[in-house]
Each structure stands twice: as C-alpha cells, then as structure tokens.
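Undergrad: Here you go, sequence then predicted model.
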Amino acid sequence: MNIYEMLNEIRSKQPVIHHITNWVTIFNCAQAVKSIGASPVMAHATQEAAEMTSIASALVLNIGTLTKELIESMLISTKTANEKKIPVVLDACGAGASTLRNSSCQKLITERKIDIVKGNASEIASVAGHNVKTKGVDSSEVEHSLSDIALNLSNKLSSVVVITGKSDYVAANGKVSVIDNGTELMGRVVGTGCIAASIIGCFAGVGRSDLFTASTAALSVWGIAGEKASVKSDGAGSFILNIFDVLSSLSEDDIVKNKKISFM
Amino acid sequence: MNIYEMLNEIRSKQPVIHHITNWVTIFNCAQAVKSIGASPVMAHATQEAAEMTSIASALVLNIGTLTKELIESMLISTKTANEKKIPVVLDACGAGASTLRNSSCQKLITERKIDIVKGNASEIASVAGHNVKTKGVDSSEVEHSLSDIALNLSNKLSSVVVITGKSDYVAANGKVSVIDNGTELMGRVVGTGCIAASIIGCFAGVGRSDLFTASTAALSVWGIAGEKASVKSDGAGSFILNIFDVLSSLSEDDIVKNKKISFM
Amino acid sequence: MNIYEMLNEIRSKQPVIHHITNWVTIFNCAQAVKSIGASPVMAHATQEAAEMTSIASALVLNIGTLTKELIESMLISTKTANEKKIPVVLDACGAGASTLRNSSCQKLITERKIDIVKGNASEIASVAGHNVKTKGVDSSEVEHSLSDIALNLSNKLSSVVVITGKSDYVAANGKVSVIDNGTELMGRVVGTGCIAASIIGCFAGVGRSDLFTASTAALSVWGIAGEKASVKSDGAGSFILNIFDVLSSLSEDDIVKNKKISFM
C-alpha cells in the first residue's frame, strides 16, 4: 500500500469531492479537503444534486443535521453516483440518536449502494441493527467486538465499513485493517469524525478500484496529520488550524515513518 | 457560589446540550461546549426535535438565522423540555431587528416556559416591549437602567433574565448579580454572545435547581476565559482559537482569583 | 483614490452589511466584515428579508449553497435594496456548475439591478453567457481576455463587474482597474472569494456614489491584508486567523506602501 503515491495523486488530480453534509462542521470539512489538495463542493439543493454529483469523483454524505430535504438530496445524488460508479461515503453521524437518523440511514443503505459506511462504534452498531443507547453524537459501549460488527455489516451490504475510535477498523470482503494513528486531541475537536469521512472521500476519489485500501490509507493519513498537529497545539482551538497547515504539507517521510496499519 | 465545583461537574458528567441555533456561529458554539467539557448536539429538524431534546440536560435556542421551520422546531423542543423539566435558554439574538424575530420571541415566551432569557441591552429591551431601534445585531441605547429592565422582565416571566454587555446582569426572584469579567476583544468576535448562551446552557445542565446561580457562574467563567485568551491574542482571529484552548484548561486558581461578581 | 480614508469611514460609521450567503463560509464572511470595522447581518428568511435589507448600507448575495428559498429571499431583498438605492453585490459563486445557479443568476441580473457582479474568470464568463466548463467552484480556462469579458458584461448590465484571480479586474463605464495585491495562500483557503465580496460590500456601503472606486479599493485592501497575513502563516489554517487579526489593524502605511492598482 503506497499511501504517499495516493496522496500525490490527490494533489495532482485535485478530484472534486461533493458533500451533502451538516451545518456545524461544513467549513472544516471543505477546508480539510482543500488542504489535502482536492476540490470541495458543498451543495445541498435537490435541484442541483444530480448535476453536482455528476462532476464529482466522490460523494460524501453526513447526517449530522439532517432534514427531509437533505435526505431527498442525498437520495438523488446517490442515484447519480451509483449510475456513474462514483464512490459514496456515508458518515452515519449521530445514528442511533433519533428515528429520523435511523430510518434515513436504512433508506440510504437499502435503496441505494453506499460504498463506504463510516461511524464510531455506537453509530455503526446502530446501522447494523444492534441495540445501543447513544449519548448525542458521542460513542457508547457496544457489546460485540468492533471488528466483528464491521465485518458483519460489510458482508451484509457488500460495502466497506469503517469504525473510528481509539483504533480505527476498516472491513471489506472478509478482511479487516486496523489503523492506530491519531491523537487524543482529535476527540476534543468538534467534527474530526466528519473530516475523516471527507478525507476518505478524497482517497476514494482517486482510488475507486480498491476502496478498502483507499479508506485505510485515508485514516492513516488523517491520523498522522493529527499527531503532527498536536505537537504544536495548546488545545482544541490551535489544533483545528494546525491540522489544516499540516494536511497541506505532509511529506513522504511523515507517512512512511509514522503509519501504523495492521491487518486482522 | 462554588463556581469551580460546577465547572468540574460539567467536566465529569458531560451533559448533552441540545441547540437549535443559527448557521453563522454554530461551529463555535459546539466547540465551546465541547471545550468546556460538555457534549454538544445541534439538530434542527422538526422530525427529531423532541427526541433530541429528551436526551439533553439543557436546550439552547438562538434566533440569529431564524426561519419558520426553526421556530416550529423550537416550539416542539421546548414543549418536550418543559415537560421533562429540562432548562431552556433563549438567546434573543437580533430581537428588535425584524417582526419575525419579535413575534417568534413572544410566541416562545408566552406559549412555552423559557427558563433563561438572554440578550444584550437592546435585545432584552425589545423582548420586554420597550421601544428600541436596533442596528443589526449590535446593541442600542436604552432608556431604562439595565438591572431594572432585567428585573421587570424576570418578574413578568418568572424566569432568569440575562443582559450581557460591558457588565453582565442576571436577574431572578428580585435578585440581581453583576458580572464584570470579560474583555473588549470579545466584542470584536462574531458570536461571543451566542457562545455565552451555550455556556449558560452547560451550567444550567448541571445546576437546574438554581438557574440564577448557574447563569451567574457561567458568565463569570466565560468572561474569565476571555480575559485569559486575550492576553495571548493579536486580534479577533487568534482570540477565537485561544479561547477554546483556555476553556478546556481553566483551573480553580483561574476562577477564584479572577471572578468579579457582585450583587445588587 | 484615498483608500485609507474609505477604510476609516467604514471603521467610524460601522455600516450594516446584510448577507444572504452560503453555509460554508458564513462565519468567515461575518468575522471579516466585523474585523474590518463594519457590522455584519446574515439573515436568510423570506419573512425578514425586506426588513433586514432596509436597515443595511449594502447587500451581499452569494449563491454557493443556493436553494429555492434562498433565491426567493434574494429577490425580495434585492427589490428593497433597489428601491432604497442600497448597493447590491452578487458573488456568482460556482456559476456555470449547475442549471440552478445559472438560471438564478440570470433571474437576479435581469429582474433586479445588481450593482456589482463578482466572480472568478469562469464564473463571470458563465454569467456573461460564454460557454465554459466549470470544475466545481474553481476557475477554468476562458477564451476571451478577462478585461474584455468584464467590460462587455459591465456594459450590458450597466453594473460594476469584478473578476478575481491572480490579478483582479474591476470594470465599469468603459474603465478597467487592475489590482495586483494578494497572495497565493488565499487560493488555498476556502471562502477567500466569498470574503472578498463581503469586503466589497463594506466599501460599497460607505462609497455608493462611486462603486467602481469602492470595489477597486476593497480588493486592494483585501489583497494587502492577505499579503500581510501570509508572512506570519504556516499554511491555510493559521492564515485564516491571521487575516482577521490583520484586517482590524491595517494602517495607512500598510495601504499606501503596498497598494498595486493600475488602470487600463
């Protein structure tokens, strides 16, 4: 897995990554995509959903501030993406916290093809139908082992399933990768999970032939950027900005020396 | 009033603070709540308003970018909050500037119980029915003395009323506290008023038995954080980030030595 | 052209600049307006569009995350602005990328008076009816020379037309100014184009008698702020904050020594 080569491909091709996302972290997602070298588009109107998706290399959906209109746009966009084989990433942000989020996730994964489903442990458990109690958008305890939950859902949907947390898990086709990059500080910034989905979108945009590898590479790069940014940060505030600076300047050395990926 | 104990309770219990707020400062409100140690949720769909509120320890409403749909969500959320005795904070952001804002505020305070009404002098004067001219979301001159306006409105609504400004006033049950923490720099950052309401929500979330004290403590902590952040800031930009760093690291000493609270 | 005098007028008069803008960069636009000394209002409800516009010194429209409701609000606001001779700036963000954006721009420029139309080369070419392929919100190659495109559209609409890029062009009444301030780093931050439109709004708010001069001055000031901020920035992240700090502290010397304006 040559991660740096993928990163370079993002920087040279500048793939358009279309988002239908939440209002809270929308700027940070766009800026992260821009900083890593890709080209963000965030457009949620039903009237332009199909057109915007058709010029994109990947589509990132996030249900953090869902409305009925957003779900409609997501369904339209995903239809176009599926037809054109544009990879779709779904960040199941806050799944389990409301009926609207749960039913919308189910609608998306049953009526459309979601190539990569991403969430924290309790969100993915909720998508998989396990009974969990969610405390807002933060993770809860889940009973099953994380890699098993990811693998089972992955088999069921024939998709890549990503569970983020202290360690990140990527499951597809019976395989699981574990990424141990990242820093505790990321958990203290609102939206680092949303940004992770956007970064996965960037790697999927240049690596659609192998989305398991693309997702694994993305999470490692994002975690390495976090580690590097945390060194010069005094807290969540300075970290937010430092990570944009770092994303745009990651070198081959940064990645080769720091990546922590294993396979189960 | 042991403010540090309340802050510690926020940090240990991580109360969920649900927001229906404006699009401009939504990230900064969420990040401030996260930085102080609580758990922000921002969800505005009418379809999940009641569910999201029911898992929250406090509800924060802000009319900064109001629409008809948002008002509907606010009414639904507040109904749930009232039934479950979850404290509701209303930031009357820009009240007085439009008929929509005025009528929505009146609807909320007459049809629902708003536990804490917060605004700057002209906003609160407008909610109280005094005739004021508002210049956008900035404060105007008002004729009555601020503590009187706060007390009168507080009596009328049987609520806590907060007026922010150079000095902050908190009125309830015939009492008024005056908080003299804060820094001029806060007035040069968009959304410090919105964040103040979110911080009040955090303290209300752990201190619902005494919302007068919770509001007073919140404003002092927020002001102290501002003072500490301003020392290392070159302007509004760096201040925004520094204040997140500071919020997460405030010590007992910071609070004990710097709080400026008096009672009228 | 005494740019510093105009800047001082903004700082002393604090004109209200009303925005109907996109969700991605809404905070940064508001903070930039506040930092330069004006008073931002961002309110998009159709119910308060006219009222909010009527208290403003300028109206800034941005189609970055357009919906049908936003277009309706823009039409209402612009009607009020036209009646009251309040200058209207349209940022044609992403024009060319979808039918919704194109038809909305055409509706605005034909049914209302847009005083200043602003975009990058491909956006303005699209508004002018030239056939261009847009890659998201980034600029594409266009066949005509930029000053010609700006002049022609300016003649057609009897408006000021602004094309931003490595050099910025402002055209009106057969004249063209070229502004060579700015820094490469601005292209790596999401929303610097949106902020440029907001800054133009600030200058238009105090200089409505000569919008050609106001637009030229605004772009030079914004570019100078970018140059100054870039010196102390490690990348896009730190740049975002530094530019707010710089905007609020620009001196006469900064402007006189660094402005790069020529006329064609």
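TA: Done, it's in. Please read all numbers here as calculations on a predicted model, not as lab measurements.
Undergrad: so residue A:263 bridges to which residues?
TA: residue A:177 (DSSP bridges).
Undergrad: Point out where chain A drops to low pLDDT.
TA: A:131-144 (pLDDT under 70).
Undergrad: Swap in 80 and give it another go.
TA: Scanning chain A for pLDDT under 80 picks out the ranges A:1, A:131-144.
Undergrad: which residue packs closest to the residue most central in space within chain A, ignoring adjacent ones?
TA: For chain A, the residue nearest the mean C-alpha position is residue A:197 (1.6 Å; Cα atoms, centre = their mean). Spatial nearest neighbour of residue A:197, excluding adjacent residues (Cβ to Cβ, 6 or more residues apart in numbering or on different chains): residue A:91 at 3.8 Å. The C-beta positions use only the backbone N, C-alpha and C, and glycine is treated the same way.
Undergrad: residue contacts, residue A:89?
TA: Residue A:89 makes contacts with A:58-61, A:114-116, A:118, A:197, A:200-201, A:204, as judged by Cβ atoms under 8 Å, 6 or more residues apart in numbering or on different chains.
Undergrad: re earlier: pull the contacting residues for the residue nearest to residue A:197.
TA: For residue A:91, the contacting residues are A:21, A:60-64, A:118-119, A:193-194, A:196-197, by Cβ under 8 Å, 6+ apart.
Undergrad: helix or strand for the closest residue to chain C within the stretch 1-150 of chain A, which one?
TA: Using Cβ to the nearest Cβ, the closest approach of the stretch 1-150 of chain A to chain C is made by residue A:48 at 3.7 Å. Using DSSP states H and E, residue A:48 maps to helix A:46-54.
Undergrad: list the buried ones in that helix?
TA: Of all the residues in helix A:46-54, those buried under the rule 16 or more other Cβ atoms under 10 Å in any protein chain shown are A:46-53.
Undergrad: ok, so of these, who is nearest chain B?
TA: Using Cβ to the nearest Cβ, these come closest to chain B at residue A:46, 15.6 Å.
Undergrad: Quick one: residues contacting that closest one.
TA: Listed by Cβ under 8 Å, 6+ apart, the contact set of residue A:46 reads A:69, A:72-73, A:76.
Undergrad: show me where the stretch 101-250 of chain A has helices.
TA: A:121-127, A:146-157, A:192-206, A:211-231, A:236-247 (DSSP state H, counting those that start in this stretch).
Undergrad: Identify the bridge partners of residue A:160.
TA: Beta-bridge partners, per DSSP bridges, of residue A:160: residue A:116.
Undergrad: Tell me who's in contact with the residue in the stretch 51-200 of chain A that chain B sits nearest to.
TA: Residue nearest to chain B within the stretch 51-200 of chain A: residue A:98 (3.8 Å; Cβ to the nearest Cβ). Listed by Cβ under 8 Å, 6+ apart, the contact partners of residue A:98 are B:43, B:47-48, B:51-52.
Undergrad: Also residue A:101?
TA: A:63, A:66, A:92, A:94-95, B:48.
Undergrad: Could you identify which of the residues you listed has the most neighbours?
TA: Tallying neighbours with other Cβ atoms under 10 Å in any protein chain shown puts residue A:94 at the head of the contacts of residue A:101, with 32 neighbours.
Undergrad: doesn't it fall inside a strand?
TA: No - applying DSSP: H, G, I helix; E, B strand; the rest coil, one finds residue A:94 to be coil, outside a strand.
Undergrad: Thanks a lot, see you next time.
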